[in-house]
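J.: structure for this input, please:
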Amino acid sequence: MTSMKDEAERMKPRRETAETKAETTRRVAREINQAEADVRDAKTARLKAARLAQEAAATSSVGKPGARAPRKTRAKS
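T.: Below is the predicted model:
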């Protein structure tokens, strides 16, 4: 037969230790930070690609050979 004390201890729910709670908190915080970093990196890559495409389009339209900007004439007073 088991004693009442042993049986009561077996029936108690086990509490997490402080170390386990800290590890869980640390893991969740790192996951959140990593997710935020992934979103930030994806946005940066998307914006960089858009900027490079815009610069390439601007360079190709300005850099046509033989196309000059018209000269400005002085206004006579």
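
J.: off-centre distance for whichever strand or helix holds residue 60?
T.: Here residue 60, judged by DSSP states H and E, is contained in helix 18-62. Counting by Cα atoms, centre = their mean, to the nearest Å, helix 18-62 is centred 3 Å from the centre of its parent chain.

J.: show me what it is packed against.
T.: Based on contacts counted as 3 or more Cβ pairs under 8 Å, 6 or more residues apart in numbering; DSSP states H and E, there is no element that helix 18-62 packs against. Glycine gets a C-beta too; all of them are placed from N, C-alpha and C.

J.: avg pLDDT for that helix?
T.: Averaged over helix 18-62, pLDDT sits at 93.

J.: adjust the sequence numbering to begin at 35 for everything that follows.
T.: With 35 as the first residue, the last one maps to helix 52-96.

J.: element containing residue 41, please.
T.: Following DSSP H and E, one finds residue 41 within helix 38-45.

J.: quick one: residue 62 from residue 69, how far?
T.: 11 Å (Cβ to Cβ, to the nearest Å).

J.: same check on residue 107?
T.: To residue 69, residue 107 is 60 Å away according to Cβ to Cβ.

J.: can you check residue 105 too?
T.: Going from residue 105 to residue 69 by Cβ to Cβ gives 57 Å.

J.: and the two? Which one has more around it.
T.: Between residue 105 and residue 69, counting by other Cβ atoms under 10 Å, residue 69 is the more crowded of the two (10 against 5).

J.: contacts only, for the more buried one.
T.: The contact partners of residue 69, by Cβ atoms under 8 Å, 6 or more residues apart in numbering, come to none.

J.: for residue 91, same thing?
T.: Residue 91 is in contact with no residue at all, counting by Cβ under 8 Å, 6+ apart.

J.: any idea how far it lies from residue 85?
T.: Distance from residue 91 to residue 85, by Cβ to Cβ: 11 Å.

J.: same deal with residue 63?
T.: In terms of Cβ to Cβ, residue 63 sits 32 Å off from residue 85.

J.: for residue 70, same thing?
T.: Separation of residue 70 from residue 85 (Cβ to Cβ): 22 Å.
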